[in-house]
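# heads up, no residue letters with this:
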Ligand code: MLT
């Protein structure tokens, strides 16, 4: 693990392997260890960079609201620090929200896009209110409540029953998240812009992956992205919910690896 200083915030990241660069951005309320299986599978062939987004894992945060814009700027600064001019950039869920913002601002630095269990729309007014309540709840009483509420949506019922180690991995990751960092990201997600209009402008190879049973960013959202992003590939992962990269890591990695081979040909 290494750090990069971005103004008043120290950002943690892993940088493993060598070859064409791949940046992977985790979802909420996780950290870079979300991508452990992808790092293991891909770092023999690619240089895989996994940051802790500000406020998560071992990264600091400095404001009450961590906007997607600020997180996208952090990624550009991290790439500067690592002397990476362009890369394939991927994100899961909130990580995907950051990827859209990054593409909007820094399209020339993107060789390919990976959109996993994510969506381009902004929050509805109702969803924004829920985020506000959750961020207050987290600040008042920590991550336990939100962890218990989210866990059944992150994994299929079968995984929850039969793979306790996967449940534990996610639970531990969520409970370790700093309440202030999670709360700032919730406010940032509530403030994010709608990127639907950006989709037809995406002109780099794009891989869309989604768990068939994902209730948070459902299959229909991925189908819409696939319709609107010319030439994109949609992979629907069976027996997977929202955290498809962990729940079905083998198929996720196979698809990601063959996509990256095509991007970097
Ligand atoms: C995530 O996994 O990043 C979150 O569920 C996204 C969200 O709450 O919109």
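Looks like it came in fine. Here the structure is a predicted model, which is why all the values come from computation and not from measurement. Residues are numbered from 1 along each chain as shown.
# check what contacts the longest helix anywhere in the chain and list those residues.
Longest helix in the chain, counting residues (DSSP state H): helix 125-141. If you take C-beta atoms under 8 Å, 6 or more residues apart in numbering as the criterion, helix 125-141 is touched by 123, 145-146, 179-180, 182-184, 186-187, 189-190. From N, CA and C alone the C-beta is placed, and that goes for glycine too.
# in helices, which of the residues you listed fall?
Members of the contacts of helix 125-141 lying in helices (criterion: DSSP H): 145-146, 179-180, 182-184, 186-187, 189-190.
# and the ligand, which of those contact it?
residue 189 (C-beta under 6 Å from any ligand atom).
# in a markdown table, list the ones in helices among the contacts of helix 125-141 along with neighbour count and pLDDT.
Shown next, in a markdown table, are those (neighbours: other C-beta atoms under 10 Å; pLDDT from 0 to 100):
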| residue | neighbour count | pLDDT |
| --- | --- | --- |
| 145 | 13 | 96 |
| 146 | 23 | 94 |
| 179 | 18 | 98 |
| 180 | 16 | 98 |
| 182 | 24 | 98 |
| 183 | 27 | 98 |
| 184 | 24 | 98 |
| 186 | 27 | 98 |
| 187 | 19 | 98 |
| 189 | 23 | 98 |
| 190 | 20 | 98 |
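# between the ones in helices among the contacts of helix 125-141, which is nearest the ligand?
The ligand lies nearest to residue 189 out of those, by C-beta to the nearest ligand atom, at 5.5 Å.
# does the residue in the stretch 101-250 of the chain that the ligand sits nearest to sit in a helix, a strand or a coil?
Closest approach between the stretch 101-250 of the chain and the ligand, counting by C-beta to the nearest ligand atom: residue 216, at 4.7 Å. Taking DSSP: H, G, I helix; E, B strand; the rest coil as the rule, one finds residue 216 in the coil state.
# in contact with it, which residues?
Residue 216 makes contacts with 93, 117, 153-154, 242, as judged by C-beta under 8 Å, 6+ apart.
# show the buried residues in those residues.
93, 117, 154, 242 (16 or more other C-beta atoms under 10 Å).
# for the helix or strand harbouring residue 236, what is the average pLDDT?
Using DSSP states H and E, residue 236 maps to strand 233-237. Strand 233-237 comes out with an average pLDDT of 98.
# other SSEs contacting the helix or strand following it?
Per DSSP H and E, the first helix or strand lying C-terminal to strand 233-237 is helix 244-247. On a contact count with 3 or more C-beta pairs under 8 Å, 6 or more residues apart in numbering; DSSP states H and E, helix 244-247 meets helix 36-42, helix 164-176, strand 206-211.
# before I go, just wanted to say thanks for your time.
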